[in-house]
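Quick one: sequence plus predicted model below, questions after.
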Amino acid sequence: MNKRIYRAENIQLAIANIKQELGSDAMILSTRKIAPKSIGSYSKRARTMFEVEASVPEYSDVKTEYNKAGLGINQKELTDSIKDDIADIKDMISIASFGNGMKNMVCNHFESVGILASLLRAGISEAGSSSIIKKASLSMDKNSVKGSNIKSLKKYVMQQCLNQISTKDFFNRDNSSGVPHVAAFVGPTGVGKTTTIAKLAALLTFERKMKIGLISIDNYRVGAFEQLKAYASIMGLLCVPAFSSQDLTCALDRMKSMDMVLIDTAGHSHFDKVKIDEILKLIHTDFAISTHLVLSVTSESTIMKDAAAAFCAFNPDTLVFTKIDETKRCGKILDQVSDIKLPVSLITNGQRVPEDLIVPDRGKLLKIILGNGQQVVA
Ligand SMILES: Nc1nc2c(ncn2[C@@H]2O[C@H](COP(=O)(O)OP(=O)(O)OP(=O)(O)O)[C@@H](O)[C@H]2O)c(=O)[nH]1
Ligand SMILES: [Mg+2]
């Protein structure tokens with residue numbers, strides 16, 4: 001591995017030099033702030049410098065390292081690992097392109113660079129990541145935590161992240177009221193509403209021993225009812241379609257003896273206000289119905305945000321995040337929950353029914369959010 005050391009007056013300059021000389025495959029190995037006194041005998045004139053050690057990995061180098069560590073590595077794993085390294089460099093470069101406030105913050109709290117990169121790598125937005133670090137630093141100052149103590153900063157960053165998330169095991173309820181709790185799942189097309197309902201129905205029926213009924217009001221997509229019905233048949237659950245509010249009221253009347261009724265709705269684009277309004281009208285019955293907004297983490301953050309805004313018309317009780325197995329950037333969840341401020345009730349992590357369902361507590365959710373960036377954890 002070809003290692004080189006770059007010194008510059010600031011970190012941005014050092015990274016720019018690395019990028020220019022070693023190209024975008026370069027890996028940052030270490031960073032160091034050098035106080036003026038440690039630069040030879042010219043200390044009076046010398047300024048604070050930043051030292052960045054970088055290298056360009058060769059395929060054989062990486063493979064040898066993995067083999068030495070006893071980790072057999074295939075081409076895909078290697079490609080993924082290289083992609084992650086490139087993502088690291090992009091993060092460093094994006095840190096370098098932050099506004100002046102952020103640059104000052106990074107320079108004053110140089111130790112925060114690595115943590116900031118971890119948050120970015122986890123998929124938390126630039127605004128979200130910098131706000132977390134700023135709040136953590138403020139909170140450290142407030143509590144008079146001295147010096148540039150990286151362990152303390154990590155602890156405060158974790159606490160800030162935790163402060164922003166909440167969870168609720170919404171579907172764990174007794175039926176002392178004598179009427180079933182009715183829960184509808186809404187959200188954009190193809191995010192996994194029907195599959196999540198099937199997974200949840202299995203959990204509630206077989207583990208929590210609840211009596212569950214299923215209703216599909218998706219009369220839009222061909223085969224939508226049959227999809228839910230197929231899962232219901234395997235589990236031996238009652239499943240009926242409803243095409244109007246009256247149908248829905250009748251179906252709910254039929255299910256009065258259930259502990260819980262789960263309603264599957266049609267997925268629509270968040271731009272299609274007319275179709276979203278149709279579902280709103282359809283679920284307007286005499287029965288109290290809670291709603292749960294399902295969002296896929298494979299969507300772009302801005303799309304998730306727009307979708308959440310459109311489906312907020314349902315006044316959702318909780319959020320459900322799906323397909324976390326398809327991305328390494330689950331930090332998007334933190335951006336959404338800081339924005340929408342609703343508890344997360346369910347997470348799904350695969351296509352298998354019923355296995356791939358998580359009922360998270362705050363700790364679990366934080367781990368999921370930090371994903372790749374778990375090195376933030378002290
Ligand atoms: N990888 C992965 N795929 C999932 C997950 N949840 C659902 N899917 C897949 O996503 C696809 C769509 O799932 P559905 O449950 O039909 O989605 P939907 O929101 O009901 O779709 P519409 O009713 O058409 O709006 C299916 O292929 C599911 O197997 C998940 O957690 N991970
Ligand atoms: Mg569906």
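Right, received. Where do you want to start? Numbers count the residues shown, from 1 in each chain. Ligands and ions are numbered 1, 2, ... in the order given.

can you pull the contacts of the closest residue to ligand 2 within the stretch 1-150 of the chain?
Residue nearest to ligand 2 within the stretch 1-150 of the chain (Cβ to the ion): G123, separated by 25.8 Å. Any C-beta I mention is one placed from the backbone N, CA and C, and that applies to glycine too. If a contact means Cβ atoms under 8 Å, 6 or more residues apart in numbering, then G123 has T327, K328, R329, C330, G331, K332, G371 as its contacts.

ok, the nearest residue to it once chain neighbours are set aside - contacts?
Take G123 and drop its neighbours on the chain: the residue closest to it by Cβ to Cβ, 6 or more residues apart in numbering is R329, 2.6 Å away. Contact criterion Cβ under 8 Å, 6+ apart gives R121, A122, G123, V297, G371, N372 as the residues in contact with R329.

quick one: low-confidence ranges for the stretch 1-150 of the chain?
When the per-residue scores of the stretch 1-150 of the chain are filtered using pLDDT under 70, the ranges that remain are 1, 37-46, 57-74, 76, 84, 87-111, 146-149.

ok, which stretches of it are strands?
In the stretch 1-150 of the chain, the strands defined using DSSP state E, counting those that start in this stretch lie at 2-8, 27-34, 49-56.

any idea which of the ones you listed is most buried?
Most buried of those by mean neighbour count (mean count of other Cβ atoms under 10 Å) is strand 49-56; its value is a mean of 19.

relative to strand 27-34, how tilted is that strand?
Computed by axes from the mean of the first three to the mean of the last three Cα atoms, to 10 degrees, the angle separating strand 49-56 from strand 27-34 equals 170 degrees.

Stretch 197-210: which residues count as buried?
I197, A198, K199, L200, A201, A202, L203, L204, T205, M210 (16 or more other Cβ atoms under 10 Å).

now swap in stretch 259-276 and tell me
Burial within stretch 259-276, assessed by neighbour count using 16+ other Cβ under 10 Å, is assigned to D259, M260, V261, L262, I263, D264, T265, A266, G267, H268, H270, I276.

So that stretch, near ligand 1 or not?
Yes - using Cβ under 6 Å from any ligand atom, we find that stretch 259-276 touches ligand 1 at G267.

about what we covered before: tell me which of the buried residues of stretch 197-210 fall in helices.
Members of the buried residues of stretch 197-210 lying in helices (criterion: DSSP state H): I197, A198, K199, L200, A201, A202.

that older thread, can you tell me which of the strands of the stretch 1-150 of the chain is nearest to ligand 1?
Closest of the strands of the stretch 1-150 of the chain to ligand 1 is strand 27-34, at 30.2 Å (criterion: Cβ to the nearest ligand atom).

Direction included, what does that closest one pair up with?
Looking at strand 27-34 with DSSP bridges, its paired strands and their directions are strand 49-56 (antiparallel).

Apart from its neighbours in sequence, what residue is nearest the closest residue to ligand 1 within the chain?
The nearest approach of the chain to ligand 1 comes at G267, 2.0 Å away (Cβ to the nearest ligand atom). Residue nearest to G267 in three dimensions, not counting chain neighbours: T189, with 3.6 Å by Cβ to Cβ, 6+ apart.

And for S112?
In space, and not counting its chain neighbours, S112 is closest to I133: 5.2 Å by Cβ to Cβ, 6+ apart.

how about the contacts of R329 in TSV, adding distance to F225?
Output for the contacts of R329, formatted as TSV (distance: Cβ to Cβ, whole Å):
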residue	distance to F225
R121	42
A122	39
G123	35
V297	27
G371	36
N372	39
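
Quick one: these as JSON lines, columns for distance to ligand 1 too.
Output for those, formatted as JSON lines (distance: Cβ to the nearest ligand atom, whole Å):
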{"residue": "R121", "distance to ligand 1": "21"}
{"residue": "A122", "distance to ligand 1": "19"}
{"residue": "G123", "distance to ligand 1": "16"}
{"residue": "V297", "distance to ligand 1": "9"}
{"residue": "G371", "distance to ligand 1": "15"}
{"residue": "N372", "distance to ligand 1": "18"}
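
secondary structure element for the most centrally placed residue in the chain?
Centrality entry for the chain: nearest residue to the mean C-alpha point is C330, 2.6 Å, by Cα atoms, centre = their mean. Secondary-structure assignment from DSSP states H and E places C330 in no helical or strand segment.

That one and S137, how far apart?
Here the distance between C330 and S137 works out to 24 Å (Cβ to Cβ, to the nearest Å).

just checking, the residue of the chain closest to ligand 1 is part of a helix?
No - when classified by DSSP: H, G, I helix; E, B strand; the rest coil, G267 is found to be coil rather than part of a helix.

what residues does the stretch 51-200 of the chain put near ligand 1?
For the stretch 51-200 of the chain, the residues found near ligand 1 under the criterion Cβ under 6 Å from any ligand atom are T189, G190, V191, G192, K193, T194, T195.

That concludes my questions; thank you for your assistance.
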